[in-house]
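Asks: Build the 3D model from these lines:
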Amino acid sequence: MRNDEMQVTPADIFSGVTVLRLENGDEAVYIHGLFLECADIAQGDRPLTDIAARLAGLLK
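Replies: Take a look at the predicted model:
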């Protein structure tokens with residue numbers, strides 16, 4: 001994967017929660033395509049993947 005590419009990980013396809021993870025580790029969470037939050041790993045932010053998975057479970 002190149003530096004400008006990203007990995008898209010649906011936390012749960014039915015709840016509409018998606019996590020975008022860049023190669024440098026930065027993440028962004030979207031719900032039904034609307035931006036919710038981002039994490040800048042270089043700045044010491046905590047990853048959002050676990051929170052997104054919990055949110056997807058609540059939205060089921």
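Asks: Write down the beta-bridge partners of the spatially most central residue of the chain, one by one.
Replies: Per CA atoms, centre = their mean, the C-alpha nearest to the average position across the chain is that of Val19, at 2.1 Å. Taking DSSP bridges as the rule, Val19 bridges to Thr9, Val29.
Asks: Which parts of the protein are helices?
Replies: 49-59 (DSSP state H).
Asks: helices and strands of it: which one has the lowest mean pLDDT?
Replies: Among the helices and strands of the chain, strand 6-12 carries the lowest confidence by mean pLDDT, DSSP states H and E, at a mean of 59.
Asks: How many residues are close by Cys38?
Replies: When neighbours are counted by other CB atoms under 10 Å, Cys38 registers 13. Bear in mind the C-beta positions are built from the backbone N, C-alpha and C, glycine included.
Asks: wait, it sits on Leu22?
Replies: No. Counting by CB atoms under 8 Å, Cys38 stays clear of Leu22, with 10.1 Å between them.
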